[in-house]
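> Model the following, please.
(one chain, ligands or ions: 2)
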Amino acid sequence: PQTIYLKDYAPFPWLIDGVELTFRLSPKATRVTSRIRFRPNPDAPSGPFFLNGETMTLLSARIDGAEVQPEITPEGLTCAVPDGPFTFEAEVEIDPEANTSLDGLYRSGGMYCTQCEAQGFRKITFYPDRPDVMAVFTVRVESEMPVLLSNGNPVDQGDGWAEWHDPWPKPAYLFALVAGDLVSVPGHFTTRSGRAVDLNIWVRPGDEGRAGWALESLKLSMRWDEEAYGREYDLDVFNIVAVDDFNMGAMENKGLNIFNSRLVLASPETATDTDFERIEAVIAHEYFHNWTGNRITCRDWFQLCLKEGLTVFRDQSFTSDVRSAPVKRIEDAILLRARQFREDQGPLAHPVRPESFVEINNFYTVTVYEKGAEIVGMLKRLVGDEGYRAALDLYFDRHDGQAVTIEDWLKVFEDATGRDLTQFARWYSQAGTPHLTVTDAFEDGRYTLTFRQETAPTPGQTEKAPQVIPIAVGLLGANGDEVVPTTLLEMTEAEQSFTFEGLTGKPVPSILRGFSAPVEITRESSGAEKAFLLAHDTDPFNRWEAGRDLARATLTAMILEDAAPDAGWLQGLGAVLRDTALDPAFRALVLALPTQDEMAAHLARLGHVPDPLRIRACHRALREAMSEALEDSLPALHEDAQIPGEYSPQAEPAGRRALGNAALGLITLRDGGARARAQFETADNMTQSIAALGALLAIGKGQDQLAAFEARWSHDRLVMDKWFGLQIALAEPEEAAPLTERLTQHPGFDVKNPNRVRAVFGSLSGNAAGFHAPGGASYALLADWLIRLDALNPQTASRLSTAFDSWRRYDETRQGQMRAQLERIAGTDGLSRDLSEMVQRMLG
Ligand code: HT7
Ligand code: ZN
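Ligands and ions are numbered 1, 2, ... in the order given. Down below sits the predicted model:
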């Protein structure tokens with residue numbers, strides 16, 4: 001397969017003045033006719049006329065009305081064209097029913113829907129399928145389906161047809177079409193300049209009662225973008241459609257967002273607090289793309305972080321504003337460290353803006369999204385709130401309607417603030433997590449912090465230059481008072497010192513407050529100092545961080561030295577838990593231990609070979625110690641979470657339940673499951689019910705409850721995903737593979753449904769001790785299914801294959817077993833470009 005390079009970018013030699021498409025939908029033989037008005041691009045060198053097109057049959061083609069016979073290859077067509085403007089027309093036939101890749105036009109549960117990002121449009125018709133070719137689309141859909149949707153505004157409709165026109169030029173990846181037997185949950189929004197917008201959440205009949213939260217989240221997002229960024233909606237309608245079979249979370253097609261149904265449908269009985277929060281965030285994310293992604297898009301796919309990093313940053317800010325800012329920051333840091341730092345440490349490490357790819361779908365990664373968002377956050381921290389707003393205003397003004405690059409993005413910051421961002425730009429090109437080593441000294445009232453930055457080599461990048469690192473620091477006095485408030489230090493050198501004058505005693509530093517940069521940090525400091533910060537830090541992030549560091553340190557000592565759990569940390573934890581002035585959601589986060597995978601990564605960084613079974617045993621032992629030490633506090637926390645009255649998914653009650661259920665998990669370790677059983681019996685919402693079930697499964701009980709849960713919910717796909725996933729995630733190590741295998745025989749297992757496949761195999765790889773259980777059965781099982789899945793849905797197979805990315809961390813036996821599975825996959829005939837690229841990179 002061909003490797004595509006950023007350095008080879010060349011503009012398309014033509015511009016498009018208008019696209020007209022007609023779809024005659026039929027399950028196995030959909031006809032698509034296209035009429036595309038091309039004219040030479042004055043800013044591009046001339047070149048051959050090539051249109052992407054795959055997996056379709058060309059029935060006829062015409063140029064300016066005259067029949068032509070283009071040359072067809074598996075990738076597209078070429079054809080001689082006139083020198084000046086011309087109209088290209090084609091009719092093609094495609095087979096949506098046979099499309100199991102869920103990319104292009106496909107069928108899901110009897111409806112038709114599309115997914116075109118990144119390169120799905122080329123499976124629909126012949127077209128220059130690249131983001132820098134933007135055009136105005138008019139679409140006619142003909143079908144017996146009652147609801148026919150496409151992008152933009154409705155133009156007209158009749159019996160069996162509908163026409164749509166999108167006045168905003170867009171790249172083909174934002175095209176969408178939906179046809180189905182759907183019902184809408186309608187709403188209205190008036191923009192601040194007075195535009196009336198009809199909102200619809202389209203769902204299958206029967207699901208109307210579960211779309212209200214998505215609708216409210218959409219209105220909240222629309223208002224927030226006006227207030228925080230001055231961005232208004234720009235069409236008369238905004239449609240969202242829920243689809244059961246979907247490769248990712250959701251898609252921001254102009255005026256017609258398509259969502260995985262798990263990110264739309266929610267009721268108290270079927271969705272957890274976390275589901276509600278996630279729906280709110282993803283609805284916001286896709287809505288925010290209307291400006292950051294759609295009105296201003298990417299010049300090429302190497303610039304993906306331009307829209308994704310910025311839009312993730314925007315959805316994170318939204319959640320911080322509508323929920324709790326410190327809690328959101330901690331959650332984001334947990335995710336970044338667990339997944340992005342892990343990516344950076346392994347064979348799949350790549351820059352936020354990669355320089356080459358074989359399959360672009362493999363680069364929708366945590367690095368592009370979450371590290372991309374961190375870079376935006378750092379820019380904002382460096383230029384300040386006002387500078388950031390001025391830069392964004394300039395970005396929207398200067399680039400509206402364009403397909404742009406990271407250079408364009410950084411230039412608006414330079415122009416708006418006068419800052420030189422040449423060195424900062426390394427954040428986009430250098431892969432890997434910078435590691436800061438910190439030392440300090442105190443003399444005559446002067447306190448000096450010295451930082452050294454280093455980034456380990458990553459594939460294809462051995463040498464790393466120093467990056468700009470914004471380090472937020474505060475200093476605390478011996479009594480816990482803040483003697484120096486949060487100050488932003490700008491590190492630019494490989495090693496650099498910063499001095500604070502006029503102090504009366506040696507302070508306790510609180511470093512990297514608010515997780516001000518996506519870096520790792522090492523500083524020799526005593527447990528007592530960490531305990532002090534856990535008790536006193538005025539920065540909530542670092543207060544949590546101190547507790548996390550202590551938890552990791554005690555777990556590390558238990559694993560490596562057979563040490564007893566740290567009594568000082570347990571005491572500090574108790575004090576935090578009892579402090580009712582603290583947000584319950586924050587306290588729940590303080591109670592959560594580093595995950596077993598995080599511990600494996602930590603031990604590997606320290607130069608040890610992690611033993612997943614030993615980590616699991618010590619994790620369990622530490623939780624038992626917590627259960628005992630906190631025995632007096634836990635029941636009250638659990639009781640406080642039994643909130644009477646109507647269920648609300650808002651942050652406050654959700655936080656109380658998070659803390660209560662964390663307490664329940666610990667209580668269950670010592671009470672044999674009595675309290676969890678009672679909660680399961682009486683729960684009137686999914687948060688309480690799944691937490692109780694999880695607590696029981698974690699102690700090897702709960703089989704009756706699991707059966708009751710299945711009996712109650714077997715008709716509901718989304719709820720059953722939880723049932724499949726939870727039992728695998730919590731299975732005993734030696735049971736994980738056999739249980740997973742049994743569940744693939746369950747009548748509810750459907751290899752064509754990505755949610756179900758992820759529930760099963762994502763949970764298997766998420767069960768660290770189960771995935772790495774001796775004998776390698778889980779490795780073999782996952783590889784078997786990746787090979788089967790790849791033939792149907794390469795994107796989902798490729799994403800799930802990342803379970804193997806940390807194989808080099810482990811002992812020789814496990815390494816050998818994982819490498820053998822990767823080689824077996826690599827040797828499979830007919831492997832997709834997606835999976836083969838991933839496996840090759842992992843084998844390195
Ligand atoms: N921009 C979208 C990314 C995406 C996608 C979504 C659904 C199915 C396949 C997809 N490939 C790429 C989603 C987003 O980031 O908002
Ligand atoms: Zn996005």
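> buried ones in stretch 55-73?
Met56, Leu58, Ala61, Ile63, Val68, Pro70, Ile72 (16 or more other C-beta atoms under 10 Å). Placement of C-beta: from N, CA and C, glycine included.
> Give me the below-cutoff pLDDT ranges for the stretch 1-150 of the chain.
For the stretch 1-150 of the chain, no stretch is flagged by pLDDT under 70.
> Which residue ranges of it form strands?
4-5, 14-24, 30-40, 50-52, 57-63, 66-67, 71-73, 76-78, 86-94, 104-108, 111-115, 135-142, 147-150 (DSSP state E, counting those that start in this stretch).
> residues making contact with the fourth one?
Judged by C-beta atoms under 8 Å, 6 or more residues apart in numbering, the contacts made with strand 50-52 from elsewhere in the structure are 75-78, 88, 119, 121-122, 126-130.
> Swap in 10 Å and give it another go.
12-13, 34, 36, 38, 61, 70-71, 73, 75-79, 88, 90, 119, 121-123, 125-130, 172 (C-beta atoms under 10 Å, 6 or more residues apart in numbering).
> doesn't Val178 fall inside a strand?
Yes - using DSSP: H, G, I helix; E, B strand; the rest coil, the secondary structure at Val178 is a strand.
> so where's the longest helix in the protein?
helix 372-399 (DSSP state H).
> ok, it near ligand 1 or not?
No - interface with ligand 1: helix 372-399 contributes nothing (C-beta under 6 Å from any ligand atom), its closest point being 10.7 Å away.
> Walk me through which strands whichever helix or strand comes after that helix pairs with, and which way each runs.
The first helix or strand that comes after helix 372-399 along the chain, using DSSP states H and E, is strand 403-404. Sheet pairing of strand 403-404 (DSSP bridges) gives strand 297-298 (parallel).
> Identify each buried residue in the strand or helix carrying Glu163, please.
Using DSSP H and E, Glu163 sits within strand 161-170. Burial within strand 161-170, assessed by neighbour count using 16+ other C-beta under 10 Å, is assigned to Ala162, Glu163, Trp164, His165, Asp166, Trp168, Pro169, Lys170.
> what about the residue lying closest to Ala708 once chain neighbours are set aside, is that helix, strand or coil?
Excluding the flanking residues, the one nearest Ala708 by C-beta to C-beta, 6 or more residues apart in numbering is Phe680, at 8.0 Å. Secondary structure for Phe680, judged by three-state DSSP, is helix.
> pretty sure Phe680 is touching Arg712, no?
No - proximity of Phe680 to Arg712 does not meet the contact threshold set by C-beta atoms under 10 Å, at 11.2 Å.
> Which pLDDT value goes with Arg675?
Turning to Arg675, the model gives it a pLDDT of 98.
> Can you name the residues of the chain sitting close to ligand 2?
By C-beta under 5 Å from the ion, the residues of the chain that approach ligand 2 are Glu308, Thr311.
> any idea which helix or strand carries the residue in the chain positioned nearest to ligand 1?
Residue of the chain nearest ligand 1, by C-beta to the nearest ligand atom: Met248 (3.5 Å). Assigned by DSSP H and E, Met248 falls within no helix or strand.
> Just the pLDDT for it.
If you check Met248, the pLDDT there is 98.
> And Ala691, by the same measure?
pLDDT for Ala691: 98.
> what packs against the strand holding Glu163?
Here strand 161-170 is seen to pack against strand 14-24, strand 135-142, strand 147-150, strand 153-158 when contacts are counted using 3 or more C-beta pairs under 10 Å, 6 or more residues apart in numbering; DSSP states H and E.
> What is the neighbour count of the residue nearest to Ala708?
The number of residues packed near Phe680 is 22, by other C-beta atoms under 10 Å.
> Report the buried residues of stretch 553-560.
Neighbour counts over stretch 553-560 (16+ other C-beta under 10 Å) mark Ala553, Thr554, Leu555, Thr556, Met558, Ile559 as buried.
> whoops, stretch 724-742 was the one
Quick answer for stretch 724-742 (16+ other C-beta under 10 Å): 724-731, 733, 735-737, 739-741.
> ditto for stretch 6-23
Leu6, Pro11, Phe12, Pro13, Trp14, Leu15, Ile16, Val19, Glu20, Leu21, Thr22, Phe23.
> overlap in contacts of Phe680 and Arg712?
Here Phe680 and Arg712 have Ser689 as joint contacts, going by C-beta under 10 Å, 6+ apart.
> how does this protein divide into domains?
The record's domain split for the chain, according to automatic domain parsing, is 4-259, 298-426, 435-519, 714-844.
> show me the contacts for the residue in the stretch 601-750 of the chain positioned nearest to ligand 2.
Of all residues in the stretch 601-750 of the chain, Leu718 sits closest to ligand 2, at 21.6 Å by C-beta to the ion. For Leu718, the contact set (C-beta under 10 Å, 6+ apart) comprises 207, 210, 244, 260-266, 270-271, 275, 686, 755, 759.
> Pretty sure it sits in a helix.
Yes - membership of Leu718 in a helix is supported by three-state DSSP.
> Glu493: neighbour count?
Residues near Glu493, counting by other C-beta under 10 Å: 12.
> Phi and psi next, for the spatially closest residue to it that is not a sequence neighbour.
Of all residues beyond its chain neighbours, the one nearest Glu493 is Pro466 (5.8 Å), with distances taken as C-beta to C-beta, 6+ apart. Main-chain dihedrals, Pro466, degrees, to the nearest 10: phi -60, psi 140.
> my guess is Pro466 meets Val519, correct?
No - taking C-beta under 10 Å as the definition, Pro466 is not a contact partner of Val519, at 12.0 Å.
> List the residues that are in contact with both of those two.
Joint contacts of Pro466 and Val519 (C-beta under 10 Å, 6+ apart) are Pro434, Gln453, Thr455, Met491.
> number of nearby residues for Pro747?
Pro747 has 6 nearby residues by other C-beta under 10 Å.
> hang on, I meant Ser184
Using other C-beta under 10 Å, Ser184 has 18 neighbouring residues.
> what sits against it?
Per C-beta under 10 Å, 6+ apart, neighbours of Ser184: 147, 198-203, 208, 211, 215, 239-241.
> Buried ones among those?
Buried, going by 16+ other C-beta under 10 Å: Val147, Asp198, Leu199, Asn200, Ile201, Trp202, Val203, Ala211, Leu215, Asn239, Ile240, Val241, out of these.
> Take those residues and lay them out in JSON lines including distance to ligand 1 and secondary structure.
Formatted as JSON lines, the buried ones among the contacts of Ser184 follow (distance: C-beta to the nearest ligand atom, whole Å; DSSP: H, G, I helix; E, B strand; the rest coil):
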{"residue": "Val147", "distance to ligand 1": "21", "secondary structure": "strand"}
{"residue": "Asp198", "distance to ligand 1": "23", "secondary structure": "strand"}
{"residue": "Leu199", "distance to ligand 1": "19", "secondary structure": "strand"}
{"residue": "Asn200", "distance to ligand 1": "19", "secondary structure": "strand"}
{"residue": "Ile201", "distance to ligand 1": "17", "secondary structure": "strand"}
{"residue": "Trp202", "distance to ligand 1": "17", "secondary structure": "strand"}
{"residue": "Val203", "distance to ligand 1": "18", "secondary structure": "strand"}
{"residue": "Ala211", "distance to ligand 1": "19", "secondary structure": "coil"}
{"residue": "Leu215", "distance to ligand 1": "19", "secondary structure": "helix"}
{"residue": "Asn239", "distance to ligand 1": "16", "secondary structure": "strand"}
{"residue": "Ile240", "distance to ligand 1": "13", "secondary structure": "strand"}
{"residue": "Val241", "distance to ligand 1": "12", "secondary structure": "strand"}
